[in-house]
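J.: fold the stuff below for me.
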Amino acid sequence: MKQQKQSHWDLPQGGEDPRRGNRTTGPATTPPSSGESAFPEEPARVGRTGQPRFPVPPKTTDSHHHIYDARYPVDPSAQLQPPDATVADYRALQRRLGVERHVVVQPSTYGTDNRCLLDALSQFGKTARGIATVSDTVTDGELAGLHDLGVRGLRFNLEYLVGVTVSMMEPLSKRIEPLGWHIQVNATAAQLLAHRPLLASLSSPLVIDHMGQIPQPGGAEHAAFRMIETLLAGGRTWVKLSGPYLASRSGAPVYADAGMVALRLTQLAADRMLWGSDWPHPTQAADNKPDAANLLDDLTLWIPDESTRRRILVENPARLYGF
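T.: Numbers count the residues shown, from 1 in each chain. Below is the predicted model:
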């Protein structure tokens with residue numbers, strides 16, 4: 001559903017007006033019985049906001065967030081047009097969460113125009129990496145230039161395809177493999193299943209957004225989960241433990257059903273799990289956006305082992321994104 005565009009945050013200072021010049025292409029756990037919470041600390045967290053309740057380890061990484069800036073033109077075919085969520089806004093969130101490293105993901109709003117992404121990477125510096133969206137007309141020189149600016153992968157948002165097609169995924173996967181990049185896919189469970197052969201055959205590593213949006217109450221018994229399980233067994237697939245609100249039926253603040261999916265995925269491949277805030281939660285209504293501090297706390301309930309959480313928050317993203 002198309003959101004109304006409304007800007008109420010401050011724009012970052014400095015930099016050239018982007019509307020001038022050229023575009024830059026730039027072990028299994030038994031689910032709880034009905035009515036029983038899988039995470040008994042849930043009641044204590046209702047209504048809490050602010051900083052995370054547990055101290056995050058040094059070099060904690062938010063592996064998935066977006067930047068929106070009204071200085072950059074929206075793609076005419078974009079369905080999602082959220083209000084501004086700028087570099088300055090995210091820096092404030094970083095301070096509140098204690099996040100040192102992060103990955104800026106190109107939203108469908110801008111299609112293949114990566115200027116907002118690249119401007120954000122230039123402002124954030126060496127603690128940030130980027131995931132871009134490009135068409136198959138991109139040159140090898142342009143890909144190399146994006147790498148120099150901090151980009152480490154290409155995103156295909158199958159829910160909101162803007163400026164790209166699914167048919168571009170395989171050839172681009174081959175071209176980015178020498179760079180050490182990966183293909184990142186956002187898709188519903190049905191879309192993942194529809195493209196199973198393609199995703200299983202990619203030359204580059206694959207990163208699946210938002211736990212694959214596994215439907216509930218099916219959870220780990222759903223066919224899409226079984227598909228992801230098979231992909232994980234191949235050793236080249238990663239999963240972002242993000243966006244629990246996209247498929248949860250149990251709901252906030254813990255998203256216990258999605259948490260069970262996160263736990264099962266981690267049991268399958270703890271060395272290829274990532275955490276992301278999905279800030280500023282562009283698919284959620286303005287009055288229904290989660291607090292990212294709560295989402296970080298959810299991870300401590302889903303994944304109670306501290307050493308495993310450190311892998312998810314620090315070690316795994318350092319390997320994948322080259323921090």
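J.: can you give the distance of stretch 90-106 from its chain's centre?
T.: 13 Å (Cα atoms, centre = their mean, to the nearest Å).
J.: mind checking the end-to-end distance for it?
T.: Taking Cα to Cα, to the nearest Å, stretch 90-106 runs 15 Å from one end to the other.
J.: what do you get for stretch 311-323?
T.: With Cα to Cα as the measure, stretch 311-323 spans 14 Å from end to end.
J.: need the contact partners of it.
T.: Stretch 311-323 is contacted from outside by 56-61, 63, 101, 103, 127, 129, 152, 180, 182, 205, 207, 238, 241, 266, 270-275, 299, 303, using Cβ atoms under 8 Å, 6 or more residues apart in numbering. All C-beta atoms are positioned from the backbone trio N, CA, C, and that covers glycine.
J.: buried subset of those residues?
T.: 56-57, 59-61, 63, 101, 103, 129, 152, 182, 205, 207, 238, 241, 266, 270, 272-275, 299, 303 (16 or more other Cβ atoms under 10 Å).
J.: mind checking which of these are in helices?
T.: Using DSSP state H, the members of those that fall within helices are 266, 299.
J.: need the contact list for the residue nearest the centre of the chain.
T.: In the chain, the residue lying closest to the centroid (Cα atoms, centre = their mean) is residue 64, at 3.3 Å. For residue 64, the contacting residues are 103, 105, 209, 240, 242, 274, 276, 277, 278, by Cβ under 8 Å, 6+ apart.
J.: how far away is it from residue 316?
T.: Distance from residue 64 to residue 316, counting by Cβ to Cβ, to the nearest Å: 13 Å.
J.: how many neighbours does residue 175 have?
T.: 18 (other Cβ atoms under 10 Å).
J.: residue contacts, it?
T.: Contacts for residue 175 (Cβ under 8 Å, 6+ apart) come out as 140, 143.
J.: same deal with the one 5 residues further on?
T.: For residue 180, the residues meeting the contact criterion (Cβ under 8 Å, 6+ apart) are 152, 322.
J.: just for the stretch 101-250 of the chain, where's the confidence low?
T.: For the stretch 101-250 of the chain, no stretch is flagged by pLDDT under 70.
J.: that one: helices as residue ranges?
T.: 115-124, 140-148, 169-176, 189-194, 196-200, 223-233 (DSSP state H, counting those that start in this stretch).
J.: which of these sits most buried?
T.: By mean neighbour count, with neighbours taken as mean count of other Cβ atoms under 10 Å, helix 115-124 ranks first of the helices of the stretch 101-250 of the chain at a mean of 22.
J.: biggest strand in this structure, by residue count?
T.: Of all the elements of type strand in the chain, the one with the most residues (DSSP state E) is strand 151-157.
J.: great, nothing more from me.
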